[in-house]
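Asker: sequence first, predicted model second:
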Amino acid sequence: MEELNLVDKECPEPFLRTVGKLMQMKEGRLKVIYKDPKCDEMIMRAVDLMGCKLIEHKQNGDIFEVVLEKVNDEKPKKVELNGC
């Protein structure tokens with residue numbers, strides 16, 4: 001499992017890095033640690049829109065930890081070729 005420790009970053013950087021990493025990944029788990037509560041809602045919305053699974057979401061004091069899972073559910077697309 002990859003980990004992004006973004007505790008020292010301010011919003012929107014944790015959000016942008018998390019979304020960027022999820023877009024690069026084909027599948028797998030990602031643990032993200034961040035401090036800015038403004039990014040928490042933004043990351044949760046992005047996870048929902050990207051179809052990722054939220055495995056863990058907790059807050060210890062002012063530190064947020066989330067574990068996300070991206071599943072490669074891409075099915076082969078059927079392409080029909082028609083003549084002119």
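Answerer: Perfect, thanks for sending it. Keep in mind that this is a model prediction, so the values were computed, not measured.
Asker: when you work out contacts or count neighbours from here on, use the C-alpha atoms and nothing else.
Answerer: Noted.
Asker: any chance you could map the helices in the protein?
Answerer: For the chain, the helices defined by DSSP state H cover 13-24, 37-49.
Asker: which one of these is the most hemmed in?
Answerer: Highest mean neighbour count of these: helix 13-24, a mean of 16 (counted as mean count of other Cα atoms under 10 Å).
Asker: so residue 6 touches residue 34, yeah?
Answerer: Yes - with contact defined as Cα atoms under 8 Å, residue 6 reaches residue 34; the gap is 4.8 Å.
Asker: what touches both of those two?
Answerer: Residues touching both residue 6 and residue 34 (Cα atoms under 8 Å, 6 or more residues apart in numbering): residue 14.
Asker: in terms of neighbours, single out the busier of the two.
Answerer: More crowded of residue 6 and residue 34, by other Cα atoms under 10 Å: residue 34, with 24 against 20.
Asker: now do the contacts for residue 56.
Answerer: Residue 56 touches 65-68, counting by Cα under 8 Å, 6+ apart.
Asker: could you check the pLDDT of residue 51?
Answerer: Note for residue 51: predicted pLDDT of 87.
Asker: number of nearby residues for it?
Answerer: For residue 51, the neighbour count with other Cα under 10 Å is 12.
Asker: where's it relative to residue 2, distance?
Answerer: Distance, residue 51 to residue 2, using Cα to Cα, to the nearest Å: 19 Å.
Asker: quick one on the thing from earlier: can I get the buried part of the contacts of residue 56 as one ChimeraX selection?
Answerer: Burial among these is assessed by 16 or more other Cα atoms under 10 Å; the matching ChimeraX selection reads:
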select :65,66,67,68
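Asker: and the contacts of residue 56, which two are the farthest apart?
Answerer: Spanning the widest gap among those are 65 and 68, at 9.9 Å by Cα to Cα.
Asker: tell me, what's touching these two both at once?
Answerer: With Cα under 8 Å, 6+ apart as the test, residue 65 and residue 68 both reach 31, 56.
Asker: got the contact list for the helix or strand bottoming out on mean pLDDT in the chain?
Answerer: Among the helical and strand segments of the chain, the one scoring lowest on mean pLDDT, DSSP states H and E is helix 37-49, with a mean of 91. The contact list for helix 37-49, computed with Cα under 8 Å, 6+ apart, reads 11-12, 14-15, 18-19, 53-54, 62, 64, 68.
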